[in-house]
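[1] Quick one: sequence and predicted model below, then my questions.
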Amino acid sequence: MGLILKLLWPVMAVGSIYALWREYKARAPLLSLLKWLSAFVMAAGICLDAYGLWSFGGKIGWVGQLLFLVFAIVDSLRRDS
């Protein structure tokens, strides 16, 4: 399971940067850009912790995860109204 997570988090980090770039090129609102930036912070932080490069990365990943959740909910509410 640990090996799968070590492979998953770098892919998620690259995927979130790609999504951020696509949203930026499409001139998306700032809220959407912040959502994908926080997804990158989450994936990069957890990736650093999983590889043992920075033990504080887990906490940074947790903060990124909370921010991603908040931005995703607010973005969804904004689109619905």
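    Thanks, I have the structure now.

[2] Isn't Arg78 up against Leu30?
    No: the pair Arg78 and Leu30 does not pass the contact test of CB atoms under 8 Å, sitting 11.1 Å apart. Every C-beta, even on glycine, is put in place using the N, C-alpha and C of the backbone.

[3] Settle it for me: which of the two has more neighbours?
    Set side by side, Arg78 and Leu30 give different neighbour counts by other CB atoms under 10 Å, the larger being at Arg78 (11 against 7).

[4] Retrieve the pLDDT associated with Met1.
    As summarised for this prediction, Met1 has a pLDDT of 74.

[5] what does Val41 give?
    We have a pLDDT of 96 for Val41.

[6] from memory Gly61 sits against Ala39, does it?
    No: with contacts counted by CB under 8 Å, Gly61 stays clear of Ala39, the gap being 10.5 Å.

[7] And the residue nearest to the spatial centre of the chain, how close does it get to Ala26?
    In the chain, the centroid-proximal residue (CA atoms, centre = their mean) is Ala39; its distance is 0.9 Å. Ala39 sits at a distance of 17 Å from Ala26 (criterion: CB to CB, to the nearest Å).

[8] and the residue nearest to Gly57 when sequence neighbours are not counted, what element?
    With sequence-adjacent residues excluded and distances taken as CB to CB, 6 or more residues apart in numbering, Gly57 is closest to Leu48, at 3.3 Å. Taking DSSP states H and E as the definition, one finds Leu48 inside helix 30-50.

[9] how about the next helix or strand after that helix: buried residues?
    Proceeding C-terminally, helix 30-50 gives way to helix 57-80 as the next helix or strand, assigned by DSSP H and E. With burial defined by 16 or more other CB atoms under 10 Å, the residues of helix 57-80 counted as buried are 57, 60-61, 64-65, 67-68, 71-72, 75.

[10] what do you get for stretch 21-36?
    23, 28, 32-36.

[11] how long is it from one end to the other?
    9 Å (CA to CA, to the nearest Å).
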